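Visitor: Build me a structure from this.
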Amino acid sequence: MARRKEQRPVVERTADGYVINLDTEERELVARLVAELRALLLADDPNNALLLQRLFPPAYLQPDDAESEVEYQRFMREELVASRLAALNTVETLLTAGAPLDDEAMNGLLQSLNALRLVLGTLLEVGEDHDPSDVRDDDPMVGEHHLYSFLSWLLEWSVRALSEG
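Guide: Numbering: from 1, shown residues only. Next up, the predicted model:
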């Protein structure tokens, strides 16, 4: 996705709340990604476990704690999924309507953008040293890398807007 010249901040705090200054195509893209993440969270498909691993990291890392980890995931996963779904619903509704976001919705946007990046980053095997400029144009996943960069860019603007408040 080509970067446009910034005439206004992408995300800005106004008297009415946080305004997301994306064009229609970008809003539709984020809404579609939110819907895809919701479907992924709700699907009962063990094949999705790897993609979701960064959203639900283990609390117990030692092999002796395997039973404790199973219990933790059993108790906490439902609550974590519910929290993520609530954030996704809020973001999708307000973003589609073009309405300003209040503090709670803005936090939901941050949570949702981060979750999207984590899932996509898992798919792309993004690590600490990921540099989007290293991705070749003939890479079969070049589009996904551009999408990852777009989500990172939008997350950065969102954090910046929250920090100014």
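Visitor: For this protein, list the residue farthest from the centre, please.
Guide: Asp64 (32.5 Å; C-alpha atoms, centre = their mean).
Visitor: If you count neighbours, what's buried in the host helix or strand of Ser112?
Guide: In this assignment (DSSP states H and E), Ser112 forms part of helix 103-124. Buried residues in helix 103-124, defined by neighbour count with 16 or more other C-beta atoms under 10 Å: 105-121, 124. C-beta coordinates here come from the backbone N, C-alpha and C atoms, glycine included.
Visitor: Need the per-residue pLDDT for Val135.
Guide: Looking at Val135, its pLDDT stands at 82.
Visitor: Setting aside sequence neighbours, what's the nearest residue to it?
Guide: Computed as C-beta to C-beta, 6 or more residues apart in numbering, the closest residue to Val135 that is not its neighbour in sequence is His145, at 4.4 Å.
Visitor: quick one: secondary structure of that neighbour?
Guide: Following DSSP: H, G, I helix; E, B strand; the rest coil, His145 is assigned to helix.
Visitor: max-length helix in the protein?
Guide: Longest helix of the chain, by residue count under DSSP state H: helix 66-97.
Visitor: per-residue confidence averaged over that helix?
Guide: 89.
Visitor: related to what we said a few turns ago, packing partners of the helix holding Ser112?
Guide: strand 17-20, helix 24-42, helix 49-52, helix 66-97, helix 142-164 (3 or more C-beta pairs under 8 Å, 6 or more residues apart in numbering; DSSP states H and E).
Visitor: Show residues contacting the first one.
Guide: I take that to be strand 17-20. Around strand 17-20, the neighbours that count as contacts under C-beta atoms under 8 Å, 6 or more residues apart in numbering are 10-13, 27, 95, 100-102, 105-106, 109, 158, 161-162.
Visitor: Now which of these would you call buried?
Guide: Val10, Val11, Arg13, Leu95, Pro100, Leu101, Ala105, Met106, Leu109, Ser158, Ala161, Leu162.
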